[in-house]
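Build me a model:
(chains A and B)
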2 protein chains.
Amino acid sequence: MKSDKISNAVIKRLPRYRRYLHELDKKNVEKISSKEFSALIGYTASQIRQDLNNFGGFGQQGYGYSVKGLYNEISAILGLDQEYKLVLVGAGNLGQAIVNYTYYYKEGFKVSGIFDINPDIVGKKINDIEIKNYSELVEYVEKEKSDIGIICVGMKSAQEVADKLSFAGVKGIWNFAPVDIEVPNRVSLENVHLSDSLHSLAYHMNSNKDK
Amino acid sequence: MKSDKISNAVIKRLPRYRRYLHELDKKNVEKISSKEFSALIGYTASQIRQDLNNFGGFGQQGYGYSVKGLYNEISAILGLDQEYKLVLVGAGNLGQAIVNYTYYYKEGFKVSGIFDINPDIVGKKINDIEIKNYSELVEYVEKEKSDIGIICVGMKSAQEVADKLSFAGVKGIWNFAPVDIEVPNRVSLENVHLSDSLHSLAYHMNSNKDK
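Model prediction:
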């Protein structure tokens, strides 16, 4: 595996390749050419060959890619061949939606701890998981060795929550607060900026109109 | 404005530039050099100059960028100098979170219609907006001339909802269902694939560990 050299742009495309391969596998498709894959996924065949060549690729001239082989390889590169323990901070609607989402999500991401500061909801349950007081967060993460912290609080509290999670030892933070937070180098950060996505949509709607 | 030639990669970065400019403006910062901006936003100064050069850029040697000027220019390019009417389909936790989010969102994105098929929640309200029956969607979008449809339903219903929204005449679809949907060319599509984002995080956590 030559994963050291894989660029960020390719990494961003891997989950999408993987989703399509999973669908193909469910339909018992065993192999696929870069041309067929291109028609399906919307990248050019040349882009696909170049991307998949980054990690061995399993491609054979005149045969195509092994659907299951490629799926497993991409899963391993993404680190999806292991389990992750997640804690979530901020049990509002968005937090609840995320818990529901990962709860049913059979991919090894398990939310085990949920935290909030609002006394009205501390003690209640989401999918059988009791909402704990935010003051217990650090102790919980240290004891359970949680891997990932999910931030679903408002923008004013996001950095403080990130600091607590980093201090307690998570290896990754999945941030939904509409603000850029800072984390130590040893912690990986992935932001979901909903407004950025909405702004991109507005741009494309307007440039579509000009055509 | 040379917006015709702006690449997708630059467009993806514009909302982030805009967010930082907004913060600077709130702090009464009037101008900023590409070097200072680089330290703040994390892109290289050369990347920033190249990006902003795409649309005039307002940069002046020895002066830097006008914070307010650049903010307004980026807002106009993104189409944020106008109002958008949004409808949302699927009023579960995620849908409710999105409505809460855009409701307080003073940027011209107003959710006016919310639709669901579940009789238990049809008639209830989210932020004073009554949840309507899904069967009324097309008529509502046609009458209100809604601009954007937000899809917060499960993966099995997402394509059908997208078809209905496109048929009814929306110009953009913001899709939160974990599936790739197809839309006519005249409709712009922006997907928020939460699992892709989580998979990227897992990758970065693992490559961080190897260092």
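
rest of the way, CA atoms for contacts and neighbours
Noted.

Remind me which helix or strand residue A:131 belongs to.
strand A:129-133 (DSSP states H and E).

C-alpha coordinates for that strand, PDB please?
Written as PDB, here are the backbone C-alpha positions of strand A:129-133 (Å, rounded to 0.1, in the frame of the first residue of the first chain):
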ATOM      1  CA  ILE A 129     -27.800   5.900  25.700                       C
ATOM      2  CA  GLU A 130     -28.200   8.200  28.700                       C
ATOM      3  CA  ILE A 131     -27.300  11.800  28.300                       C
ATOM      4  CA  LYS A 132     -24.600  12.600  30.900                       C
ATOM      5  CA  ASN A 133     -23.600  15.900  32.400                       C
END
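
And that strand, what's buried?
Using 16 or more other CA atoms under 10 Å in any protein chain shown as the burial criterion, the residues of strand A:129-133 that qualify are A:130-133.

and if you look at stretch A:141-151?
A:141, A:145-151.

any bit of the longest strand along chain A sitting next to chain B?
Using DSSP state E to define each element, chain A has its longest strand at strand A:109-116. No: using CA under 8 Å from any CA of the partner chain, we find that strand A:109-116 stays clear of chain B, coming within 8.9 Å at best.

Tell me the confidence at residue A:2?
pLDDT, residue A:2: 42.

related to what we said a few turns ago, partners of the strand holding residue A:131 in the sheet?
Take DSSP bridges as the rule and strand A:129-133 pairs in its sheet with strand A:109-116 (parallel), strand A:125-126 (antiparallel).

of all those, which lies closest to residue A:91?
Nearest to residue A:91, of all the strands paired with strand A:129-133, is strand A:109-116, at 5.9 Å by CA to CA.

chain center to that closest one, what's the gap?
Distance of strand A:109-116 from the chain centroid (CA atoms, centre = their mean, to the nearest Å) equals 15 Å.

So for it, mean pLDDT?
The model assigns strand A:109-116 a mean pLDDT of 94.

Using PDB, write out every CA atom in it.
Written as PDB, here are the backbone C-alpha positions of strand A:109-116 (Å, rounded to 0.1, in the frame of the first residue of the first chain):
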ATOM      1  CA  PHE A 109     -18.500   3.900  14.500                       C
ATOM      2  CA  LYS A 110     -20.300   3.500  17.800                       C
ATOM      3  CA  VAL A 111     -21.500   6.400  19.900                       C
ATOM      4  CA  SER A 112     -21.300   5.300  23.600                       C
ATOM      5  CA  GLY A 113     -21.300   8.600  25.500                       C
ATOM      6  CA  ILE A 114     -23.600  11.700  25.000                       C
ATOM      7  CA  PHE A 115     -23.000  14.900  27.000                       C
ATOM      8  CA  ASP A 116     -24.900  18.100  27.500                       C
END
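
looking at the strands paired with strand A:129-133, which is buried most?
With neighbours taken as mean count of other CA atoms under 10 Å in any protein chain shown, those reach their highest mean count in strand A:109-116, at a mean of 22.

which residues are in contact with that one?
With CA atoms under 8 Å, 6 or more residues apart in numbering or on different chains as the test, strand A:109-116 has contacts from A:83-91, A:99, A:102-103, A:122, A:129-134, A:137, A:140.

Narrow those residues to those in strands?
Using DSSP E, the contacts of strand A:109-116 in strands are A:84-89, A:129-133.

longest single helix anywhere in chain A?
In chain A, taking DSSP state H as the definition, the longest helix is helix A:8-26.

what is the rounded mean pLDDT of the strand holding residue A:131?
For strand A:129-133, the per-residue pLDDT averages 97.

can you list the residues that contact that strand?
A:91, A:112-119, A:121-125.

Does residue A:93 touch residue B:99 like I think?
No: when contacts are counted by CA atoms under 8 Å, residue A:93 is not listed as touching residue B:99 (9.9 Å).

sorry, back to before: which one of the buried residues of stretch A:141-151 is nearest to residue A:200?
residue A:151 (23.0 Å).

partners of the closest one in the sheet?
Counting by DSSP bridges, residue A:151 is bridged to residue A:89, residue A:175.

my guess is it contacts residue A:86, does it?
No: counting by CA under 8 Å, residue A:86 is not a contact partner of residue A:151; they are 10.8 Å apart.

quick revisit: for ChimeraX, write a command that selects the buried ones of the contacts of strand A:109-116.
Entered in ChimeraX, the line below selects the buried ones among the contacts of strand A:109-116, by 16+ other CA under 10 Å:
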select /A:84,85,86,87,88,89,90,91,99,102,103,122,130,131,132,133,134,137,140
